[in-house]
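**Q** Below are the sequence and a predicted model for it; my questions follow.
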Amino acid sequence: MKKILLVIVAAAAALPTAVLAQGQVRESIPAAPFLAGAYAFMWVAVLVYVALVARRLGRVQSDIDDLKRKLDRER
């Protein structure tokens, strides 16, 4: 059973080569532009996220500083 399955898989893997050898052209989509676009999108998303977190952190830090000043005045 395993040998039959192996033969079927090997035949299926050799099929595209046989089709190309007969002169038929397979259409394919170039992957490089899509890959570059995906990486660019992810980097932009990460940078936007980091910028938003840094902005919120700055607001929180200023709020903490204001609270410290108010506490110091009351003492």
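**A** Sure, I can see it.

**Q** Now the element after the lowest-mean-pLDDT helix or strand in the chain, going C-ward?
**A** Ranked by mean pLDDT, DSSP states H and E, the weakest helix or strand in the chain is helix 2-21, scoring a mean of 57. With elements assigned by DSSP states H and E, the helix or strand that comes after helix 2-21 is helix 31-74.

**Q** any idea of the mean pLDDT for that next one?
**A** What helix 31-74 shows for mean pLDDT is 95.

**Q** Relative to residue 59, how far out is residue 70?
**A** The gap separating residue 70 from residue 59 is 17 Å, by CB to CB, to the nearest Å. (Glycine included, C-beta is placed from N, CA and C.)

**Q** right, I mislabeled it, should have said residue 47
**A** For residue 47 relative to residue 59 (CB to CB), the value is 19 Å.

**Q** Likewise for residue 67?
**A** Taking CB to CB, one finds residue 67 at 13 Å from residue 59.

**Q** count of neighbours near residue 32?
**A** 7 (other CB atoms under 10 Å).

**Q** cool, the one 10 residues further on as well?
**A** Using other CB under 10 Å, residue 42 has 10 neighbouring residues.

**Q** distance of it from residue 55?
**A** 20 Å.

**Q** Residue 27 now?
**A** Where residue 55 is concerned, residue 27 sits at a distance of 46 Å (CB to CB).

**Q** Between the two, which is the more surrounded one?
**A** Between residue 27 and residue 55, counted using other CB under 10 Å, the more crowded position is residue 55 (10 against 4).

**Q** which residues touch that one?
**A** If you count contacts by CB atoms under 8 Å, 6 or more residues apart in numbering, residue 55 has none.
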